[in-house]
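[1] next come a sequence and a model predicted from it.
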Amino acid sequence: AQSVTQPDIHITVSEGASLELRCNYSYGATPYLFWYVQSPGQGLQLLLKYFSGDTLVQGIKGFEAEFKRSQSSFNLRKPSVHWSDAAEYFCAVGASFQKLVFGTGTRLLVSP
Amino acid sequence: SQTIHQWPATLVQPVGSPLSLECTVEGTSNPNLYWYRQAAGRGLQLLFYSVGIGQISSEVPQNLSASRPQDRQFILSSKKLLLSDSGFYLCACPTGGGETQYFGPGTRLLVL
């Protein structure tokens, strides 16, 4: 069965510093991978996705993620974090019937 | 592109009371539809999905049920709410023919 692990429950980053959120997945075939962001009290917004091709994918709000098959990872990165990036971030893998299996999320705090 | 509506936005219900949450989708036809739940401090878990009118698949045993009375309507129900039913309920729909899920604004349910 598919599973997603986000090992960091909370991460605090200074504004302007770089960010990397970790995501590891378990899936038997080539995965469809996603990162979503959830601002407080809000629904989920898609940041980026990987289906195939270039393993470095660009998303909205200056985020990028790199698919590494050998490490079963899909880490999210941003070179310079803004205070408005404070939110919860979810990694997900696509399963049959377009279902999503989510990680438990990483809460990003941005310090001034 | 499709738009997902969820109603109500917030709900406070006593234990043992019934529940009905509604999700409607515009801008697409015959979509797959999904109900996810996010419990406090936890990730998102798929509860139900539907590939068509009257077709419901349950992912986890629970106190809830789902129905799809119309092509673009997905209902989440309970006859008697439990405290553990509290959470943030999200309806989702993939893009037309695609693998990317888009989420509605969610319903926040508090069972007291």
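    Sure, I can see it.
[2] excluding its backbone neighbours, what's nearest residue A:101?
    residue A:2 (4.6 Å; Cβ to Cβ, 6 or more residues apart in numbering or on different chains). Just so you know, the C-beta spots here come from the backbone N, C-alpha and C atoms, and that holds for glycine as well.
[3] burial of the one you found, as a residue count?
    Burial of residue A:2 is recorded as 17 neighbouring residues (other Cβ atoms under 10 Å in any protein chain shown).
[4] and if you look at the one 4 residues further on?
    The local packing count at residue A:6 equals 19, with neighbours defined by other Cβ under 10 Å.
[5] can you check residue B:31 too?
    23.
[6] am I right that it falls within a strand?
    No: assignment of residue B:31 by DSSP: H, G, I helix; E, B strand; the rest coil gives coil, placing it outside any strand.
[7] helix or strand: which one has the residue nearest the centre of chain B?
    Central residue of chain B (Cα atoms, centre = their mean): residue B:35, 3.3 Å from the mean position. Using DSSP states H and E, residue B:35 sits in strand B:33-38.
[8] tell me which strands that strand pairs with, and in which orientation.
    strand B:44-52 (antiparallel), strand B:87-94 (antiparallel) (DSSP bridges).
[9] what's the first helix or strand after the first one?
    Spelled out, it's strand B:44-52. Defined by DSSP H and E, the subsequent element after strand B:44-52 is strand B:55-58.
[10] partner strands of that following strand, with direction?
    In the sheet, strand B:55-58 lines up with strand B:44-52 (antiparallel) (DSSP bridges).
[11] looking at the strand it pairs with now, give me its mean pLDDT.
    Strand B:44-52 shows a mean pLDDT of 94.
[12] which bits of chain A sit near chain B?
    A:6, A:32, A:34, A:36, A:41-46, A:49, A:51, A:90, A:92, A:94, A:97-105 (Cβ under 8 Å from any Cβ of the partner chain).
[13] can you say which of those are buried?
    Buried members of the residues of chain A next to chain B, scored by 16 or more other Cβ atoms under 10 Å in any protein chain shown, are A:6, A:32, A:34, A:36, A:43-44, A:46, A:49, A:90, A:92, A:94, A:98-105.
[14] sort out for me which of these are in strands.
    Within these, residues falling in strands by DSSP state E are A:34, A:36, A:44, A:46, A:49, A:90, A:92, A:94, A:100, A:101, A:102.
[15] and the second one, how close does it get to residue B:30?
    It stands for residue A:36. According to Cβ to Cβ, to the nearest Å, residue A:36 and residue B:30 sit 25 Å apart.
[16] quick one: contacts of stretch B:22-31?
    B:1-7, B:33, B:35, B:52, B:71-76, B:91, B:93-94, B:96, B:104 (Cβ atoms under 8 Å, 6 or more residues apart in numbering or on different chains).
[17] what is residue A:102 paired to in the beta sheet?
    Assigned bridge partners for residue A:102, using DSSP bridges, are residue A:92.
[18] that one touches residue B:42, doesn't it?
    No: with contacts counted by Cβ atoms under 8 Å, residue A:102 stays clear of residue B:42, the gap being 9.7 Å.
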